[in-house]
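K.L.:
Following is a predicted model, sequence given first.
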Amino acid sequence: TLLIIVLPTGRGKTLIFTILAVLRDLGVSIIIALFNVLEKYYVRRLRLTRIEHIV
């Protein structure tokens, strides 16, 4: 299933894919972060929730 989410900063985009990764064993999710700061933020959040990831 393809899902594209476009929301302003601080509106819960990270929460959406984090919850899906935790609740469903979907295999692979691809997240595209356009800014290095956002990438570092996502990686830190994924590590805290112990979700496997590759950067």
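P.N.:
Yep, it's here. Numbering: from 1, shown residues only.
K.L.:
ok, and for the helix or strand where Lys40 lies, which residues are buried?
P.N.:
Secondary structure from DSSP states H and E places Lys40 in helix 36-48. For helix 36-48, the neighbour count (16 or more other CB atoms under 10 Å) marks 42, 46 as buried. Bear in mind the C-beta positions are built from the backbone N, C-alpha and C, glycine included.
K.L.:
and it, how far from the chain's centre?
P.N.:
Centroid separation for helix 36-48 versus its chain: 8 Å, with CA atoms, centre = their mean, to the nearest Å.
K.L.:
residues in contact with it?
P.N.:
14, 18, 31, 33, 53, 55 (CB atoms under 8 Å, 6 or more residues apart in numbering).
K.L.:
same question, stretch 20-32
P.N.:
Counting by CB under 8 Å, 6+ apart, 17, 42, 49, 51 sit against stretch 20-32.
K.L.:
out of these, which are buried?
P.N.:
Among these, the ones that count as buried by 16+ other CB under 10 Å are 17, 42.
K.L.:
Quick one: mean pLDDT for the helix holding Lys40?
P.N.:
Summarised as a single mean, pLDDT over helix 36-48 is 83.
K.L.:
CA atoms only for it, dumped as CSV, please.
P.N.:
Included here for helix 36-48 are C-alpha records, laid out as CSV according to Å, rounded to 0.1, in the frame of the first residue of the first chain:
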residue,chain,number,x,y,z
ASN,A,36,19.5,16.3,7.7
VAL,A,37,18.1,17.6,11.0
LEU,A,38,14.9,15.6,10.4
GLU,A,39,16.8,12.5,9.5
LYS,A,40,18.8,12.7,12.8
TYR,A,41,15.5,13.2,14.7
TYR,A,42,13.9,10.2,13.1
VAL,A,43,16.9,8.0,13.8
ARG,A,44,16.9,9.0,17.4
ARG,A,45,13.2,8.3,17.7
LEU,A,46,13.5,4.9,16.0
ARG,A,47,16.4,3.9,18.3
LEU,A,48,14.4,4.9,21.4
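K.L.:
ok, the contacts of stretch 20-32 vs Gly10, which is closest?
P.N.:
Tyr42 (14.2 Å; CB to CB).
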